[in-house]
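K.L.:
one predicted model, sequence on top.
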Amino acid sequence: LFSLQSCDKDFESTNTNPETTAKVYPQYVFTKAQYDGTANMMNFLLGTMQYTTSYNDVAGFGSKYNAAQISQTYKAFDDAYPKEINELGLVIKAVKNEPSQVNLYAEARIWRVYCFSRLTDLYGDIPYFQAVLGNDSFVFKPAYDPQSAIYADLLSELDAAAQSLDAAKVTFGASDLIYGGATDKWKKFAYSLMLRLGMRMTKVDANAAKNWVTKAIAGGVITTDDDIAKMSYLSAGQDINKNPLAFNLWNSDYIAQNGNTNTEGGKYHEVFISYLKSTNDPRLPMMAVVWNNKVADTSVGLAKGMPATLTNAKPANFITYSEPNPKTLLLMNSPRLVFTAAESYYLLTEAALRGWYNGATASSLYQNGIRAAMRQWSLIGGKDGTVAPTAIDNYVTANALNTGGSFDDQMKQLYTQFWVSIFPDAQEVFASFRRTGYPALVPNNYAGNATGGKFFRRMLYPLTEQTLNADSYQTAISRQGANDLLTHIWWDK
Amino acid sequence: QSALLKGVVKNEADQAGIPNATVILTLGKSQISTTTDIKGNFILAYPAGNQATSFQLTISSVGFEKKQLTVEAGQAAISVSLKAGGGDVLDNVVVTALGVKKDRKAVAYAVSEVKGSEFTQARENNIANALSGKIAGVNAAGLSTGPGGSSRVTIRGNGSMVGDNQPLYVINGMPLDNTVPGGAPTVNGTTSNVDKGDGIAGINPDDIESISVLKGGTAAALYGSRASNGVILITTKKGRAQRGIGVEYNSTLTMDNVAVIPDFQYTYGQGLDGVIPTTLSDAQASGRKSWGAPIDGSTNYMGVDGKTHPYVAQKKNLQNFYQTGTTFTNSLAFLGGSDNFNYRFSLADLNSKGILPGTTYKRKTFNVALNGKVGSKINIEALAQYNLEQGHNRTGAGDALGNPNWTPLEIANTADVNWIKPGYDSAGNETIWNDAAIASNGYFVINKWKEDDVKNRFIGQASISYELLKNLVIKGTVSRDFYNYNYYNVLPTGSLYTPLGEYVGLKSDLSETNSMLNVTYRTRFAQNFGLSAMVGGNSRRFANKEQNITGKQFIIPYFYSVSNLASSSIRPVTARSTTNSIFGSADFDYKNLFFLTFTAREDWFSTLSANNNHIFYPSVGGSLILSDALELPTFITLAKLRGSWAQVGGGTPDPYAIYQTYSNVPSSGQPLLNVTQDVNLQNYIPNPNLKPYTSTTYEGGFELQTFNNRLGLDFTYYNRQTTNDIVKTTISSTSGYNSVIMNVGELRNRGIEMLLTGRPVSRANFSWNISYNFAYNESRVVELAPGLTSVQIANTVNNWAFLQHIKGQPYGTIVGTTMKKDAQGNVIFNRGNHLPVMSDLMPLGNSVAPYTMGITNDFHYHNWGLNILLDGKFGNKIFSIFEVYATRMGKLKSTLPGRDKGLELKGVDQNGAPYDTTITQAGGVLRNYYDNYKVYSDLFLHDGSFIKLRQVILSYNLPVSKIKFAKVQAASVSFVARNLFILYRDTKNFDPEQSFTNSNAQGFESIGLPRTRSYGMNLTIKL
């Protein structure tokens, strides 16, 4: 039947998987990393930032901090490393030593900074320098790095990557779903992230913050609608190709499109809708509808948010509460705004208020921020998201920056507007909220909540880290404080 | 000079020759033995000097009663007829590795044999389930997944941390595939998380002549790595030479009912916060919640059907939701042949209806066995089996979506499940019965979800043997076990959670092909020495080609075709592996008193790197028949000592474990690529340095038969050690990967097995046989990889509990949290939120029962027979996911405290100061408080020990001799029952054997189908 000499003949071909390739194609992995990095959103923070809520406390965890669901806070950590962070590691390894691939390298580094910064902002100290080396170096228990060290490296990475971009060289092209490979825009995105991360340090290290903010502004940040960093999506096809927030909201709640049988009992939060109504915000109909005889009604008069105090019992008037507008936020092919001109303007406003920037007045920067924020809804919803120029003018006039107020008064106004403008990027708002204290939201003291009726200050490391990476985990806890929702991370001290 | 005794051994019933029968001639203290040829003929040579005296002849064969007779002085020829049946286990010849029949005396390790007839009366759809309680050290259990479900069998504990721990099934000497298409279900899955049935489920019990269980590595050494968990050898029935055609007919009808009804509270009824629902909206909000008012018969209670009902307890929801399941099995076999050619052909039809309305499983089996002789030196054998297995609406388990079992278990205790019938409205859309769309309406699942699977399976074997020289036989065998499997699961249009529907499909073409060549030689020399030697080689090829189809959103509603999906993707899986082996064995005996066996095998694995891909391993064993060697007291009929040592090596069964590769990710836009993921869609790190693992077993034991076989004892001690186990180890996700494949540490199983047999009464018309088996297995994770203290193998929905292998603990420890307590045992509360402080993760118990036992009583009175089997398992824990939810829903008695005056919390706070406060119903505080108990795993953990009345068979053999009009050889009618009562259990709310998957993830109850008791009638006729 066979001879002894050939006992392992054909073994290599037998053990080669015909469905896989042995080679990395960095551009295709990069696209995956863009999808994964953008999809890694802590959606329940929409509840924490009081945009949305649910009568069901599982889905309403973010607005209720219900203790039984704290495992929801593990998710970003669990997802990030095996997905976008590892993928970017593969891309970087493949292009790093190729001078001709410098733009691919730089863009992967910038995107990695974006992904890592979002992660450390949620958890504080995290594995960074030794992360995702499992396959290459058999590092199975990476050390947790102090957030201060992570920030220092993120910022210097941005600096180095931005400077290395070279318009004359090859790019990711169509595989780059954010900018189609445009190096000038990647440069602005890099400096915009530098502005964001630099400003993050105001509480803990004002000097460093000032240095990085000034450096970022000098480098050139995103200020035009055309430069906005946004991921593009498809309306149909595989789930991964769809806007992850729209997809999530649709599938977890609004798929029935009748305002009544919302899968997980979700609606807009009363605090958000009340605020928009109180300021006559022209974006309210772009954002919210009320279902009325199976018709999605955008009438401002009907708009009403649901209280976050409902205890696992569907209210009889559930249908009368506002929910996301299917023609804007729920469009699967609407872009996900990663970094907007509005955000740059608001950060520049703060820089101006702090005296770190004098290229324009705080009030004009603030006004530009609001205008940009209003305009960006047309990116999300096309004509259904377009705010009339006169409405913008009226709103800007009615909501001018109170330049006569104290620094704190102006910060309050600025970051309340930031809350309205940066929606639905709740994760970024959660960061600025922790840093500035604004908007001045009142925490929900829900029965059986995990925080004693206080706002989260961070997310919890997954339980599995206690056993799978025990020593590193313990070191991080002893440095940063208990693995608790109320422990303040480095820049939030 | 020798004298010759020629003879023929025949079957008393049909006078056909019995091949391979053992014939032993006893001359004083020495014995001379031989076996019969295919026609039943034998020739024995003995010293001519003994011709003048008479001597004893002993003839035995599997399936026949042993016969002893005296050969008169000078007699040269003899004809012996054996009676079918066969009595004492110890007297029989047993089937060992590679189908070799050995005299039981010669076997150096523990082996147990069960006759096929034990499986054909009180039937289990899956034959492996029927092993439960019958053999010491064999832990067999059926799953609670409905008809057509899988089984889980482990022998002497679990030898591999994450690999397959089930034994190798071998049919007529060749391996059988026992995989579950697409893999076993998981503890925490949702849609399409169904048990698709394993390979052994396809074997028709009527085709089985006998089952031998080879427990240890020694027994299995010739089969290689896959046999390190033991081997279950199935010998199928063959035809035989006879006049005319033999016909066997067996018909069984059994019925199934839910065995355990949970012990729910019926003090407070449906509602929230102590309030009875009086509007439809209230009723829907609390459809699953029993947090209402005291059940007082109020008449203002609004049900979820929109009608008012009396507010009274509804205690029959499980009985109303589930029906009586039925299984109707009919099998017919024809057999016959001549001296040179015989055949057996059988047909079997199994038709099962599950306890869940709409669930069915059908199995048709066609089996043909041919044996023939070409000329005087060539024997040919062929076996072909074709199965058609069809499952319909197999039930999912795990999380809520599409799991119908949630409805009867979690519906409010004053609501009647009948109120939510039929589960859909006039348009076909799911109707609301509770506040969470993900908790599907069970009737909608029964009536609208669709699951169908079809398995076409073929098992073919052919062998040719050629007698080169006298006693030197060369034999070639080829076998192929192949199936083609098609499965789909439709989450229909109109479900509340996914209104547009979803589709999951699986196509799998799987095959296992073995080609074996071996040469055997047997001889006797110097009068007293016997030698039997064998060398051979085997090539095993495994291939699986799968297509996993997933899709979303049926474009045209209610039209369930893949072509009608808004988006779909196909994930191809190709897995191929080859293991080549050479092996040999040598068996010596001295005067039939002392036996020695050596085996050796070398395997080459395609799944490992070229420099590490082979391993050599030997075994040695011996036995001594003390009772023949020494003068022992006369009450000792037989005393045998045995001992053995064996090594078995193995490679990873999974291909592609050594190099990292990259795979496309389904995309409708730009191409996407990522590292290749495992079946759970997680990243893993392959390892080029993997080397084969080894499993080393030593065992020793003795057999004792006393008082003329009236009382017997068989005892074994074994120690089984697995080193360098190939383990897919969970690692911190911060490494970028969820697991790495490594050679990890050391796992030890050691224990004892004991079989006590007795025949208190043995008269012509009345006999009573009793058999008690007991086994204890101590498992221990001795060592993991350096720096590694635990390996995770499973987790529940939402991580309420984990299953880990922890250094120093037994295999499969359930890990979770508890309420933190101070040194005085006071619960420590968090003053901020009143909740008990959660402990760190800690080991909570063993998922595998270390103690197993079974006791069988067999009574025969004239034509009546009564068989009663009790079995039990002890010392394991089980975590209940159903109880986690039932706590949230307020259905358990444990949620009663605090309903009227509030729940007093007493203990200390985190600073050690006394803490005393009361939690009240108002505003959902109390039920949220109880819901939060889910974070304390130990509250839902129970002792899994049980004793069950596993089987009762009352049979009556019809007096066939009185039937004049037909030539009936035998006929019997039986009343049969399986799993009749649980005599002892600690789990109040479910059957402790409530397992849902046959993977290593045991120790979790996952809201699967309830387990059942079954009873019915059986009729057997032989013409």
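P.N.:
That came through, no problem.

K.L.:
mind listing what the closest residue to chain A within the stretch 851-1000 of chain B touches?
P.N.:
Going by CB to the nearest CB, chain A is nearest to B:Gly924 of the stretch 851-1000 of chain B, at 2.8 Å. Every residue, glycine included, has its C-beta placed from N, CA and C. Listed by CB atoms under 8 Å, 6 or more residues apart in numbering or on different chains, the contact partners of B:Gly924 are A:311-313, A:447, B:272-273.

K.L.:
most neighbours among those residues, which one?
P.N.:
Within those, most neighbours by other CB atoms under 10 Å in any protein chain shown means A:Asn312, with 27 neighbours.

K.L.:
which helix in chain A runs the most residues?
P.N.:
In chain A, assigned by DSSP state H, the helix with the most residues is helix A:102-123.

K.L.:
near chain B at all, that one?
P.N.:
No - on the criterion CB under 8 Å from any CB of the partner chain, helix A:102-123 is out of touch with chain B, staying 10.2 Å away.

K.L.:
now that helix, how far from the chain's geometric center?
P.N.:
12 Å (CA atoms, centre = their mean, to the nearest Å).

K.L.:
B:Asp986: neighbour count?
P.N.:
Neighbours of B:Asp986 (other CB under 10 Å): 12.

K.L.:
ok, it touching B:Ile947?
P.N.:
No - using CB atoms under 8 Å as the test, B:Asp986 is too far from B:Ile947 to be in contact (11.1 Å).

K.L.:
can you check the pLDDT for the residue of the stretch 851-1000 of chain B closest to chain A?
P.N.:
We have a pLDDT of 82 for B:Gly924.

K.L.:
quick one: secondary structure of it?
P.N.:
helix (DSSP: H, G, I helix; E, B strand; the rest coil).

K.L.:
equivalent analysis for the one 10 residues further on, please.
P.N.:
State at B:Lys934, reduced to three classes by three-state DSSP: helix.

K.L.:
show me the contacts for it.
P.N.:
Residues near B:Lys934 by CB under 8 Å, 6+ apart: A:68, B:798, B:800, B:884, B:887-888, B:940.

K.L.:
run the last query once more with 10 Å
P.N.:
Contacts for B:Lys934 (CB atoms under 10 Å, 6 or more residues apart in numbering or on different chains) come out as A:67-69, B:796, B:798, B:800-801, B:881, B:883-885, B:887-888, B:940.

K.L.:
quick check: it vs B:Leu272, distance?
P.N.:
18 Å (CB to CB, to the nearest Å).

K.L.:
what of A:Gln34?
P.N.:
A:Gln34 sits 45 Å away from B:Leu272, going by CB to CB.

K.L.:
next one: B:Lys39
P.N.:
According to CB to CB, B:Lys39 and B:Leu272 sit 81 Å apart.

K.L.:
all helices for the stretch 501-650 of chain B, in order.
P.N.:
B:626-629 (DSSP state H, counting those that start in this stretch).

K.L.:
chain A versus the nearest residue to B:Tyr558 once chain neighbours are set aside, what's the distance?
P.N.:
Leaving out its chain neighbours, the residue that sits closest to B:Tyr558 by CB to CB, 6 or more residues apart in numbering or on different chains is B:Thr493, at 4.9 Å. Distance, B:Thr493 to chain A, by CB to the nearest CB, to the nearest Å: 12 Å.

K.L.:
and for B:Gly133?
P.N.:
Look at B:Gly133 and chain A: by CB to the nearest CB, they are 36 Å apart.

K.L.:
what do you get for B:Asn486?
P.N.:
Separation of B:Asn486 from chain A (CB to the nearest CB) stands at 20 Å.

K.L.:
which strand residues bridge that residue?
P.N.:
Beta-bridge pairing for B:Asn486 (DSSP bridges): B:Val454, B:Lys507.

K.L.:
thinking again about what came up before, could you export the contacts of B:Lys934 to CSV, including columns for distance to A:Ser274 and pLDDT?
P.N.:
Below are those laid out as CSV (distance: CB to CB, whole Å; pLDDT from 0 to 100):
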residue, distance to A:Ser274, pLDDT
A:Ala67, 27, 84
A:Ala68, 28, 80
A:Gln69, 26, 87
B:Thr796, 40, 86
B:Asn798, 33, 80
B:Trp800, 37, 89
B:Ala801, 42, 92
B:Ile881, 40, 93
B:Glu883, 41, 96
B:Val884, 37, 95
B:Tyr885, 36, 94
B:Thr887, 36, 96
B:Arg888, 32, 94
B:Phe940, 41, 97
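
K.L.:
with distance to B:Asn317 added, can I get those in a markdown table?
P.N.:
Shown next, in a markdown table, are the contacts of B:Lys934 (distance: CB to CB, whole Å):
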| residue | distance to B:Asn317 |
| --- | --- |
| A:Ala67 | 31 |
| A:Ala68 | 26 |
| A:Gln69 | 28 |
| B:Thr796 | 24 |
| B:Asn798 | 25 |
| B:Trp800 | 25 |
| B:Ala801 | 27 |
| B:Ile881 | 19 |
| B:Glu883 | 17 |
| B:Val884 | 19 |
| B:Tyr885 | 15 |
| B:Thr887 | 18 |
| B:Arg888 | 18 |
| B:Phe940 | 21 |
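
K.L.:
filter those residues down to just the ones in helices.
P.N.:
B:881, B:883-885, B:887-888.

K.L.:
my guess is B:Gln75 contacts B:Tyr46. True?
P.N.:
No - with contact defined as CB atoms under 10 Å, B:Gln75 does not reach B:Tyr46; the gap is 11.7 Å.

K.L.:
could you pull out the helices in chain B for me?
P.N.:
Under DSSP H, chain B gives helices at B:217-220, B:280-285, B:317-321, B:406-410, B:442-448, B:626-629, B:881-888, B:925-931.

K.L.:
how about the residues of the stretch 401-550 of chain B near chain A?
P.N.:
Residues of the stretch 401-550 of chain B found near chain A (CB under 10 Å from any CB of the partner chain) are B:429-430, B:432, B:434-438, B:476-478, B:496-500, B:515-517, B:536-539, B:541-543, B:545-546, B:550.

K.L.:
please pick the buried ones from the residues you listed.
P.N.:
With burial judged by 16 or more other CB atoms under 10 Å in any protein chain shown, the buried subset of these is B:429-430, B:432, B:434-438, B:477-478, B:496-500, B:515-517, B:536-539, B:541-543, B:545-546, B:550.

K.L.:
now A:Pro244: phi and psi?
P.N.:
Here the main-chain torsion angles of A:Pro244 (degrees, to the nearest 10) amount to phi -70, psi -30.

K.L.:
so which residues of the stretch 1-150 of chain A form helices?
P.N.:
Along the stretch 1-150 of chain A, the segments classed as helices by DSSP H, counting those that start in this stretch run A:11-14, A:26-39, A:45-48, A:61-64, A:75-80, A:86-95, A:102-123, A:134-137, A:147-164.
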